[in-house]
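1. Any chance you can model this:
(one chain, ligands or ions: 1)
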Amino acid sequence: MDVDPQPGNASVVALFRRLTLGVYIIGVAAGSERDAFTASSVMQASYNPLVLCLAVNPEHAAYRLLRAGRSFTVSVLERGQLELARRFGTPAYAMDKMEGVVWRLGCRGAPILDAALGYFDCAVDTDIPAGDHRIVLGRVIDGKVLRPTGLPLPYADTNNMDNSAALFPASFESAG
Ligand SMILES: Cc1cc2nc3c(=O)[nH]c(=O)nc-3n(C[C@H](O)[C@H](O)[C@H](O)COP(=O)(O)O)c2cc1C
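-> Now for the predicted structure:
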């Protein structure tokens, strides 16, 4: 069961869970190495050129490959695909997440989930620090809708699967 381990921050957690986000599998590759991880912090940043923005924890194993390969794919999960979200939310050292899952490869070798609603293939333009994460901007170089009638999985449906409740403070920093 996913539980909130810090009751003191419940109102901050409740506030941030009102941001509407989806759930995506980010694929990365460098040489013959591949990895993929679940992410909710993905949004469109620009129309011309088309740019997606991703917030990634630089301590993830996948970040090293993202940085080396300078590309990433975004596979959009469908409503109900909670087990895929959980699987790819598991650290690469804990299990072979890629085993037994059907992939196609993006233009630069990053894996794309065959079961996704659709995908984006991005070339990294910018990678800047943002607190304990990095903001990575990727120019969209390819992409396709794979299941036109499917509905995207809302992040809210994952509850505390990412254990993020423990990361929120009990109150806000004062402005001064
Ligand atoms: C629903 C969900 C959303 C997540 N969102 C993000 C995110 O936006 N950015 C991020 O860096 N990690 C996010 N994570 C955590 C990573 O998926 C997780 O730490 C993963 O184990 C990293 O994989 P790696 O060890 O292969 O790099 C999320 C996890 C879950 C379950």
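2. Relative to residue 64, how far out is residue 23?
-> The gap separating residue 23 from residue 64 is 23 Å, by CB to CB, to the nearest Å. In short, each C-beta sits where N, CA and C put it, glycine included.
3. More neighbours: which of those two?
-> Neighbours of residue 23 and residue 64, each counted by other CB atoms under 10 Å, are more numerous for residue 23; the result is 28 against 15.
4. Which residue ranges of this protein form helices?
-> Using DSSP state H, the helices of the chain run over 10-16, 61-69, 82-88.
5. Can I get those in a markdown table including mean pLDDT?
-> Converted to a markdown table, the helices of the chain look like this (pLDDT from 0 to 100):
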| stretch | mean pLDDT |
| --- | --- |
| helix 10-16 | 91 |
| helix 61-69 | 98 |
| helix 82-88 | 98 |
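6. For residue 77, list the residues it contacts.
-> Neighbouring residues of residue 77 by CB atoms under 8 Å, 6 or more residues apart in numbering: 22-25, 84-85, 116-117, 152-153.
7. Centre-most residue in the protein?
-> Nearest residue to the geometric centre of the chain (CA atoms, centre = their mean): residue 39, 1.7 Å.
8. So which bits of this structure are right by the ligand?
-> Selection of the chain residues close to the ligand by CB under 6 Å from any ligand atom yields 23, 35, 37-41, 55-57, 60-62, 85, 89-92, 158, 161-162.
9. How about the residue in the chain that the ligand sits nearest to: what's its closest non-neighbour residue?
-> The chain approaches the ligand most closely through residue 89 (2.7 Å), counting by CB to the nearest ligand atom. Once flanking residues are discounted, residue 89 sits nearest to residue 38: 4.0 Å by CB to CB, 6 or more residues apart in numbering.
10. Kindly state the beta-bridge partners for that neighbour.
-> residue 25 (DSSP bridges).
11. before we move on, back to that, dump the contacts of residue 77 into CSV; add distance to residue 140 as well.
-> Converted to CSV, the contacts of residue 77 look like this (distance: CB to CB, whole Å):
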residue, distance to residue 140
22, 16
23, 19
24, 13
25, 16
84, 22
85, 22
116, 15
117, 16
152, 17
153, 21
